[in-house]
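Colleague: Here is the input, now give the coordinates:
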Amino acid sequence: MKTSIISFLTSIIRYILKKSPPAVANHVKNDLFEKLDVYDDAFYTHHLRPKYSKDCFSETIFKESQTRIALVIQGPIIMDEDFTLESIRFYKKTFENLFIIVSTWEDTHQEILSLLNQEEVTVILSKKPNYSGPLNINLQIESSKAGVLRAKEMGAEFVYKSRTDQRMYKDLTRFLISLQQTFPIKNDLGQTAPIIACSFTTLKYRPYGIGDMLMFGHISDMQDYWDSKYDMREIPNLEHDKLSILDYAKIRLAETYLCTNYLLKKGYDLKWSVEDSWRVYSDIFCVVDAEMFDLLWFKYDWRIEKRFQYYKSNTMQCLKFSDWLEIKNNWNQLVIDESILQKREGEYI
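Modeller: Okay, the predicted model is just below:
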């Protein structure tokens, strides 16, 4: 209910900002924020990101890197607000030594393809799988795999896997490579370097649920991760809020399907525990906060800036970089409560 009210009020704010003189808009906007403060017994803040690449600038304090970096943007092209096209223009302007691969579908309208070609990016058109799979996972596998493969063919050493409905406002490439060098792999799974995932959708207590929306890694590891078999299961609609965390995780949907598929392919023995999941995260992954990328997901309740942040411990809270580093460096001091897996997602702890 609160989410609906906030979404409605932010729509009003947007209308006011567009139609009113700046002085009037700011006055009314602040008045609305104060009312929200009272309603939610909280401090309501907002954040503005530029829509268009012309309003962004590039800043670097380093010499140009010679490392070949690819950015795979996968999924259907988002034409609302020219979102995908403007993301491409932004990346071309602000990211260092980056070549962009857009991996989308062969039924994309020709006018959209013409616009993409004008941006001088590599476009891959794939045929959609006959079965999209639970939560459309097969579509993600197909377009991601095709994009990462093309990145390898083009000589990329490292690759981002992003989405057409997301935009990174911060180039973290040097930082991410530094993280890989600082925290090398600690297992014998044949991986070159840690795969870096975003805290966004990486739930702290869901076993093997590493976020799949935004990833960065060495090209060989990323190709291996996304070379996943299709999920051909037919899974009925689930009453998600009635399942325990463990029961839901064992269904292996979306990011959990991808992560467990990868581990099983490597011969890893899944324990289905918080402890083992955290061990996997610390050994072969690294989790970076979405805020570090200044990531915008242009979908669902996108106007609510920190819609996945909780100020009370919640079973759906995301694993943050600070959590990951504590797990990595202070393993022997951790207190791991496995009983939390019997709670439902969304419960307060």
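Colleague: okay, now Tyr268: neighbour count?
Modeller: 16 (other C-beta atoms under 10 Å). Using the backbone N, CA and C atoms, a C-beta is placed for each residue, glycine as well.
Colleague: how close does it get to Ser277?
Modeller: With distances defined as C-beta to C-beta, to the nearest Å, the gap from Tyr268 to Ser277 amounts to 12 Å.
Colleague: Tell me how far Glu345 lies from Cys198.
Modeller: When C-beta to C-beta is applied, the distance between Glu345 and Cys198 equals 19 Å.
Colleague: before we move on, what about Gln309?
Modeller: Plainly put, Gln309 is 14 Å away from Cys198 if you go by C-beta to C-beta.
Colleague: before we move on, what about Met316?
Modeller: Noted for Met316: a distance of 16 Å to Cys198, by C-beta to C-beta.
Colleague: Comparing these two, which shows the higher neighbour count?
Modeller: The neighbour comparison of Met316 against Cys198 (other C-beta under 10 Å) goes to Cys198, with 27 against 16.
Colleague: was I right about the more buried one contacting Leu176?
Modeller: No - in this structure, Cys198 sits apart from Leu176 without contact. The criterion is C-beta atoms under 8 Å, and the distance is 10.8 Å.
Colleague: list residues touching both of the two?
Modeller: With contacts defined as C-beta atoms under 8 Å, 6 or more residues apart in numbering, the residues shared by Cys198 and Leu176 are Val288.
Colleague: give me the element Ser103 is part of.
Modeller: With secondary structure defined by DSSP states H and E, Ser103 is part of strand 98-105.
Colleague: Give me the contact list for the helix or strand that that strand is followed by.
Modeller: Past strand 98-105, heading to the C-terminal end, the next element that is a helix or strand (DSSP H and E) is helix 110-118. Helix 110-118 is touched from outside by 77, 79, 85, 88, 102, 123, 125, with contacts defined as C-beta under 8 Å, 6+ apart.
Colleague: Strands of the stretch 1-150 of the chain, residue ranges please.
Modeller: When assigned using DSSP state E, counting those that start in this stretch, the strands of the stretch 1-150 of the chain occupy the ranges 69-74, 98-105, 122-126.
Colleague: neighbouring contacts of the first one?
Modeller: Here strand 69-74 makes contact (C-beta under 8 Å, 6+ apart) with 84, 87-88, 91, 95-104, 140, 143-144, 147-148, 150-151, 154, 156-164, 173, 219.
Colleague: Check the gap between the closest residue to Asp294 other than its chain neighbours and Val148 for me.
Modeller: Once its chain neighbours are removed from consideration, Asp294 has its nearest residue in Tyr169; the separation is 3.7 Å (C-beta to C-beta, 6 or more residues apart in numbering). Tyr169 sits 23 Å away from Val148, taking C-beta to C-beta as the criterion.
Colleague: more crowded one of those two?
Modeller: Using other C-beta under 10 Å as the criterion, Tyr169 and Val148 rank with Val148 on top: 29 against 14.
Colleague: OK, contacts around Ser162?
Modeller: Contacts of Ser162 were listed using C-beta under 8 Å, 6+ apart, and they are 71-74, 168, 213-214.
Colleague: make it 10 Å
Modeller: Contacts for Ser162 were tallied using C-beta atoms under 10 Å, 6 or more residues apart in numbering; they are 71-75, 87, 91, 100, 144, 147, 168, 198, 213-216, 293, 295.
Colleague: Show the pLDDT at Met316.
Modeller: Met316 carries a pLDDT value of 87.
Colleague: did I read that right, it in a helix?
Modeller: No - the assignment for Met316, made by DSSP: H, G, I helix; E, B strand; the rest coil, is coil rather than a helix.
Colleague: was I right about it contacting Thr202?
Modeller: No - judged on C-beta atoms under 10 Å, Met316 makes no contact with Thr202 at a distance of 11.1 Å.
Colleague: Mind listing the shared neighbours of these two?
Modeller: Between them, Met316 and Thr202 share the neighbouring residues Phe308, with contact defined by C-beta under 10 Å, 6+ apart.
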